Structures are given as C-alpha cells and as structure tokens.
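> give me a model of this one.
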Amino acid sequence: MSHSSPRRPARGSSLRSATIGAPPRRRSLEARGLWLIAVLAGLAVLCALSVSIGTRAVGWQEIWAGLGGATDTIGEAAVAKRVPRTLLAALAGAALGLSGAVMQGVTRNPLADPGILGVNMGAALAVVLGIAWFGMVSFTAYIWVAVAGAALTVAFVYAIASVGPGGATPLKLALSGVATSVAFSSFITGVVLPRNDIAGGVRSWQIGGVGGASFAGITEVLPVLFAGFVLSLLSAKRLNSLALGDELAAGLGERVALARATSAAGAVLLCGATTAICGPIGFVGLAVPHLCRLLVGIDHRWLLPFSALVGAGLLIAADVLGRVVARPSEMDVGIITAFLGAPIFIWIVRRQRIRAL
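Just a heads-up that it's a prediction; the model follows:
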C-alpha cells in the first residue's frame, strides 16, 4: 500500500494564518480614530454651548465680540465671563478623568476615584486647615497645600488598607478611602462651624464649582496641572505592565514600586490642583474611565487621553446643565456630578467583580 506524503501547505497559507488577526486590529484602530473624532467634535460643541448658554441668552454677534474681549454690552460681558469658566471646566474635568483612570490602573481597583479614595477630601481638609489655623490667603499656597494634603491622604489610605491579611486589596482600599473621606468631611465641618468669618466661603467652595473662574487663577494653577498631565500620560506603558500583575511586570523589567509612585504622583498633582481651584468634585474620575473602556478598550495608551477628553466634556456639560435646570440661579457642578455619579457608581458595583481590573 502506498503511503501518501503529507500535504504541504499551499504557498502563502502560513502568511494568511499569521495575519488572521490583522483585520480586527485595523478595524479596532479605525474605530478608535472615529471615536476620537467624535469626542473632539462633541467637546467643541459643548464649549460653544457653554459660552452661549446661561441666565442670559446671547447672539452670535455678542459671542464673537465677547471672545475678542469686548464688554460693551451685557451679553458681551457675559460671554467674556463664560470663557474662563469654560476653560476651567475643561481643565478640571480632564484632570479628574485622567487622575481617575491612573488611580484605577495603579490600584487595579474599578472603584478607585479621587473622591472615593478620599484624595479630594484630604486636599480640601488641608486647604481649610490652612485658612482657619494659619490665615492662608495666597492662591499659590492653596495649590501646594492641597497637593500636600492629597499626597498625605493617598499614603494614609494605602497604609490603612495594607493592614491585615492580603495587603491593600481593591475592596479594602475602597472601604478605607470612603471611611477616610467621611472622617475628613466631618473634621472640616468641625473646623468651619465656629468660624463665621470663613464659613460661608468654605461651604460654597466645598460644594465644588467653576463659577468663580478667572484667567489669573487658571494661570497660577496651570503649571501644576501641566506637570500632572505629563506625568500621568507618560505612565501609560507602566500601567499596562502593572495590569499584568506585579510579578509579571517585574519579570518584564518594570520597577513596580517606582512605576506606582510616579503614576500616583501625577494623579496627586491633578487632584490637588483641581481641588484648590474648584473645590472637591466627585464621581468624574470614577465614571469617565469606565465609559472610555467601552469606547477604546483597556490599553492605557488610548484610555488615558480619552479619559482626559471625555472628563473635560462631562464637566462642561454638567456646568451647562447646572445653568439651565435652576434658572435664573445656577447649580454648581459638584451637585450635578453627584446626581449623575451615584447611579453610575451603583451600576459599576453591580456589574463588576470588585476584586481587580
């Protein structure tokens, strides 16, 4: 009986099998590019709405004149005031969205967020103590004191979560952060209550808002935000390694402790600076990264910039909504994001296995 020789693969078949995954990858890149265009277009529309919508309606002529610096009419003056407000909302939203994505990557915790981990409240407590006990009035001092408070809170929460078996698990980090946030909030109330001279301003600032934006304030906080953006965006590759687990990341040559520290430093700068100028604003850093993962996946090289862009759009939209729902007065963005974030938080808890990303 003759034995037939094994069939040799046809020429080019190995090449076809090797490139079988190419079309999905190309489609994925194309989809991400389309989402990027859509997000940028949506952000541009929201900026236009933010400049044009408020307690007073303005026409396009007044908008163009106001953008040029004219303040001759009430409408032009309103536009001139809304421009720095829109810029601050975009910067703060981008900072919170990006810092939330970084924190979730560093802790591998789907519930990580500057608000839930207590970072925003730690920064707020530091500012309030500086005002009440040391008579702090310089805005530059506000920024650096808030950054220091945010950094100390990160270390404090991580230290508490590390106690006991298993170390700093995602669930223990979330519980420690929530408990710390509640305790710091109560401490702020205790400090402010007997001080009628600062109570009104602190309570208004503690809600979280962008209504008092000015180009002078933005200019002072911009260098800190820029440093935070650079550190956070440069951490994308390190966060991808950390997502594989500490042992595998170390096996790939990643210095795990340094990667966590530098990534967390960027998030702390963003949180502290944003809290100093806007007050503590919650849930943006929690919701935005989860939404962006649905759009572009888990690769932090895409996730981080998308989180910044979508966070900017979300906070601008919340600010515009706050001007509309309570006319002729306004509702601060901190209230709007809390209304939007609470159901999203519940959805994430029900949908995710709260172990790790």
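
> tell me who's in contact with V79.
Residues counted as contacts of V79 (CB atoms under 8 Å, 6 or more residues apart in numbering) are 51-52, 58, 62-63, 65-67. In this view, the C-beta of every residue, glycine as well, is placed from N, C-alpha and C.

> pull up the distance across stretch 278-291, start to finish.
Distance across stretch 278-291, first residue to last, is 23 Å (CA to CA, to the nearest Å).

> could I get the buried residue list for that stretch?
For stretch 278-291, burial by neighbour count (16 or more other CB atoms under 10 Å) applies to 278-290.

> of those, which pair is most distant in space?
Farthest pair in the buried residues of stretch 278-291 (CB to CB) is G279 and H290. Separation: 23.6 Å.

> confidence-wise, which helix or strand of the chain is lowest on average?
Using mean pLDDT, DSSP states H and E, the weakest-scoring helix or strand in the chain turns out to be helix 13-18, at a mean of 39.

> and after it, which helix or strand comes next?
Using DSSP states H and E, the helix or strand that follows helix 13-18 in sequence is helix 22-52.

> okay, helices next: where are they in the stretch 101-250 of the chain?
Using DSSP state H, counting those that start in this stretch, the helices of the stretch 101-250 of the chain run over residues 119-134, 139-162, 170-192, 196-207, 215-234, 236-242, 246-251.

> return the most buried member of the ones you listed.
helix 119-134 (a mean of 24; mean count of other CB atoms under 10 Å).

> gap between that helix and the chain center?
20 Å (CA atoms, centre = their mean, to the nearest Å).

> what is that helix packed up against?
Helices and strands touching helix 119-134, by 3 or more CB pairs under 8 Å, 6 or more residues apart in numbering; DSSP states H and E, are helix 139-162, helix 170-192, helix 196-207, helix 256-278.

> out of these, nearest to F229?
Checking the helices and strands packed on helix 119-134 against F229 by CB to CB gives helix 256-278 as the closest, at 7.1 Å.

> what residues sit buried inside that closest one?
So for helix 256-278, counting by 16+ other CB under 10 Å, buried means 259-260, 262-278.

> got the angle for it vs helix 119-134?
Interaxial angle of helix 256-278 relative to helix 119-134 (axes from the mean of the first three to the mean of the last three CA atoms, to 10 degrees): 60 degrees.

> quick one: mean pLDDT for the helix or strand following helix 256-278?
For helix 256-278, the succeeding helix or strand toward the C-terminus, using DSSP H and E, is helix 284-296. For helix 284-296, mean pLDDT is 91.

> swap in stretch 234-252?
On average, stretch 234-252 scores 89.

> chain center to it: distance?
How far stretch 234-252 lies from its chain's middle: 21 Å, per CA atoms, centre = their mean.

> now I281: how far from A338?
According to CB to CB, to the nearest Å, I281 stands 9 Å off from A338.

> apologies, that question was intended for A168.
27 Å.

> ok, H290 next?
Taking CB to CB, one finds H290 at 17 Å from A338.

> you'd agree L173 is up against V106?
No - counting by CB atoms under 8 Å, L173 does not reach V106; the two are 10.1 Å apart.

> between those two, which contacts overlap?
Common contact partners of L173 and V106 (CB under 8 Å, 6+ apart): A112.

> and the helix or strand harbouring A308, what does it pack against?
Using DSSP H and E, A308 sits in helix 300-325. Judged by 3+ CB pairs under 8 Å, 6+ apart, helix 300-325 is in contact with helix 22-52, helix 74-107, helix 215-234, helix 236-242, helix 284-296, helix 333-351.

> so what touches the third one?
Residues lying outside helix 215-234 but in contact with it, judged by CB under 8 Å, 6+ apart, are 84, 87-88, 91, 94-95, 98-99, 102, 139-140, 143, 147, 262-263, 265-270, 272-274, 276-277, 304-305, 308.

> again, only using 7 Å
Helix 215-234 is contacted by residues 84, 87-88, 91, 95, 98-99, 102, 139-140, 143, 147, 262, 265-267, 269-270, 273, 276-277, 304-305 when judged by CB atoms under 7 Å, 6 or more residues apart in numbering.

> follow-up on the earlier one: just flag the most distant two among the contacts of V79.
Largest separation among those by CB to CB: S52 and A65, giving 12.8 Å.

> circling back: turn the helices and strands packed on helix 119-134 into CSV, columns for distance to F345.
Output for the helices and strands packed on helix 119-134, formatted as CSV (distance: least, CB to CB, whole Å):
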stretch, distance to F345
helix 139-162, 18
helix 170-192, 11
helix 196-207, 19
helix 256-278, 18
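
> by mean pLDDT, show me the worst of those.
Here the lowest mean pLDDT among the helices and strands packed on helix 119-134 goes to helix 196-207, at a mean of 86.

> any idea how far G118 is from Y158?
Counting by CB to CB, the gap from Y158 to G118 is 11 Å.

> what is the burial count for the residue lying closest to V333 once chain neighbours are set aside?
Computed as CB to CB, 6 or more residues apart in numbering, the closest residue to V333 that is not its neighbour in sequence is A318, at 4.5 Å. Using other CB atoms under 10 Å, A318 is surrounded by 28 other residues.

> hmm, who's touching stretch 185-197?
By CB under 7 Å, 6+ apart, stretch 185-197 touches 121, 124-125, 128-129, 132, 198-199, 202-203, 206.

> could you rerun that using 6 Å?
For stretch 185-197, the external contacting residues (CB atoms under 6 Å, 6 or more residues apart in numbering) are 121, 125, 128, 132, 199, 202.

> show me the two of those that sit farthest apart.
M121 and A199 (17.7 Å).

> the helices and strands packed on helix 300-325: which one's closest to R255?
With CB to CB as the measure, helix 236-242 is the member of the helices and strands packed on helix 300-325 nearest R255 (8.8 Å).
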